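1. predicted model follows, preceded by the sequence.
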Amino acid sequence: MSHEHLAPASRVVALGRQDRMPGAGVNAPLELSSTYVADGPVNYARGGNPTWSAFEEALGALEGGDALVFASGMAAVTAALSLAGHGDVVVAPRAAYNGTVASLLDAERDGRFEVRWVDPTDVDATVAAMDGADLVWLESPSNPLLEVSDLAALAAAARERGVISVCDNTFATPLVQQPLGLGIDVVVHSVTKYLSGHSDVILGATVTTPDERGRALHERLSRSRLLGGAIAGPMETWLALRGLRTLHVRLERATANAKELAARLRQHPGVDRVRYPGFGAIVSIEVPGGADGAERVAAATRLWTHSTSLGGVESQVERRRRHPAEPVAVPEELLRLSVGIEDVDDLWADLDQALQR
């Protein structure tokens, strides 16, 4: 059955299933085998697994491309960065996920890459930096400043110059935007976050375009996974596929909560600035009192969990600059709020009392 005509809410439920035949399981199988009988499509589990295939089919169809699952979001980031060779020029945002920024800083220090740091919301400056570059890294919305880039314009400029374009789509998810359809070459996900959605697995993924250029990149990423050994556990992948089934309802509820909280926070005397792009379930706020003030707010919550990560059903709050690797462009007093699916008034009451205290 073709699922292309279905709405996203139906596709997340229907994709990655077994063929419908008498006696078949409704869910994809959990394949726990490290080796296979000879002369089949896969001979060793570092090269493939039916549970991977089910998840990759579902995510690839949602993003409009071909997916690969990796052991972690950072494994997917590392594989995508490996598309740039030694001495290549990489254009990257000054403020992005700190694991990505730290990897690029290490590569810059070691002489593996020349990194041109940009503000990707400035299209002209970013396009100018692409001249003579080999790869451009994008995040939209960015983590944790929630800045939105013109992906279509930047992707077009990259293709004109023969630059590989990569976009981390973790925050938006394929239900909000599909960067491949905007011209991006490679999408990266931390599957740990919204796709799995329950704060119980560590996984990553890449997705490439279903054309000749994308297939070549897919082969390189697949080889990186195979030889680097950054393979996903089948149990984690099965859990991620199960989590994907509820992505639409989880994101719908969390987004509604985030929009309401952002509106209330803009009126709160204990908040200096609210960053919210108008979609998604992440809100960042800046509070008085600098780093100490922000830490006191995070420590005073009771329903909100003071923890790192995001995208789970539970609401989480964290001061991002508490991490040494966080880019200095992120304000010391910034709190990233990952809004969950709890009752919005309960979330507000807890946040309000923490801000007042």
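-> Structure received.

2. mind telling me what element residue 226 is part of?
-> Mapping residue 226 onto the secondary structure by DSSP states H and E places it in helix 212-228.

3. can you count the residues close to residue 156?
-> Using other CB atoms under 10 Å, residue 156 has 15 neighbouring residues. Placement of C-beta: from N, CA and C, glycine included.

4. tell me the pLDDT at it?
-> Note on residue 156: pLDDT of 98.

5. residues touching the closest residue to it other than its chain neighbours, list them.
-> Of all residues not flanking residue 156 in the chain, residue 183 sits nearest, at 5.6 Å (CB to CB, 6 or more residues apart in numbering). Taking CB atoms under 8 Å, 6 or more residues apart in numbering, we find residue 183 in contact with 151, 152, 155, 156, 158, 159, 165.

6. and residue 116, by the same measure?
-> For residue 116, the contacting residues are 89, 90, 91, 92, 129, 133, by CB under 8 Å, 6+ apart.

7. ok, which stretches of the protein are helices?
-> Using DSSP state H, the helices found in the chain span residues 8-14, 50-63, 73-81, 98-109, 123-130, 151-160, 212-228, 234-244, 247-265, 290-300, 344-356.

8. looking at these, which is nearest to residue 145?
-> Nearest of these to residue 145, taken as CB to CB: helix 98-109 at 12.0 Å.

9. does anything pack onto that closest one? Which helices or strands?
-> Judged by 3 or more CB pairs under 8 Å, 6 or more residues apart in numbering; DSSP states H and E, helix 98-109 is in contact with helix 73-81, strand 88-93, strand 113-118, strand 135-139.

10. reformat these as JSON lines; add distance to residue 66 and mean pLDDT.
-> Shown next, in JSON lines, are these (distance: least, CB to CB, whole Å; pLDDT from 0 to 100):
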{"stretch": "helix 73-81", "distance to residue 66": "14", "mean pLDDT": "98"}
{"stretch": "strand 88-93", "distance to residue 66": "23", "mean pLDDT": "98"}
{"stretch": "strand 113-118", "distance to residue 66": "26", "mean pLDDT": "98"}
{"stretch": "strand 135-139", "distance to residue 66": "19", "mean pLDDT": "98"}
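
11. about what we covered before: let me have the contacts of residue 183 in TSV, extended by distance to residue 123.
-> Output for these, formatted as TSV (distance: CB to CB, whole Å):
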residue	distance to residue 123
151	10
152	10
155	11
156	10
158	12
159	15
165	13
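
12. just the buried subset of these, please.
-> 151, 155, 158, 165 (16 or more other CB atoms under 10 Å).

13. and those, which two are furthest apart?
-> 151 and 158 (10.1 Å).

14. my read: residue 33 touches residue 43, true?
-> No - if you go by CB atoms under 8 Å, residue 33 and residue 43 don't touch, sitting 11.2 Å apart.

15. please list all residues in contact with the closest residue to residue 61 other than its chain neighbours.
-> Nearest residue to residue 61 in three dimensions, chain neighbours excluded: residue 15, at 5.2 Å (CB to CB, 6+ apart). Residues in contact with residue 15, defined by CB under 8 Å, 6+ apart, are 3, 57, 58, 61, 62.

16. most neighbours among the residues you listed, which one is it?
-> Going by other CB under 10 Å, residue 58 tops the contacts of residue 15 with 26 neighbours.

17. what's near enough to touch it?
-> Residue 58 makes contacts with 12, 15, 16, 241, 244, as judged by CB under 8 Å, 6+ apart.

18. cutoff 6 Å now
-> Neighbouring residues of residue 58 by CB atoms under 6 Å, 6 or more residues apart in numbering: 15, 16, 244.

19. redo the residues you listed as TSV? Include distance to residue 200.
-> As requested, those are exported to TSV (distance: CB to CB, whole Å):
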residue	distance to residue 200
15	21
16	19
244	13
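
20. tell me which of these is nearest to residue 195?
-> The closest of these to residue 195 turns out to be residue 244 (CB to CB; 5.6 Å).

21. around the closest one, count how many other residues there are.
-> Using other CB under 10 Å, residue 244 has 25 neighbouring residues.

22. still on that earlier bit, got the phi and psi for the residue nearest to residue 61?
-> Phi and psi for residue 15, reported as degrees, to the nearest 10, are phi -80, psi 150.

23. okay, it: pLDDT?
-> 92.

24. skipping its backbone neighbours, what lies nearest residue 312 in space?
-> Leaving aside its sequence neighbours, residue 312 sits nearest to residue 199 (CB to CB, 6+ apart; 3.8 Å).

25. tally of neighbours for that neighbour?
-> Neighbourhood size, residue 199 [other CB under 10 Å]: 19.

26. now do it against residue 9, distance only.
-> Going from residue 199 to residue 9 by CB to CB, to the nearest Å gives 23 Å.

27. also residue 238?
-> 22 Å.

28. cool, residue 275 as well?
-> Distance, residue 275 to residue 9, using CB to CB: 28 Å.

29. who has more neighbours, the two?
-> residue 275 (20 against 13).

30. what pairs with the more buried one across the strands?
-> Judged by DSSP bridges, the bridge partners of residue 275 are residue 284.

31. my guess is residue 8 meets residue 175, correct?
-> Yes - counting by CB atoms under 6 Å, residue 175 is a contact partner of residue 8 at 5.2 Å.

32. now the common contact residues for those two.
-> By CB under 6 Å, 6+ apart, no residue touches both residue 8 and residue 175.
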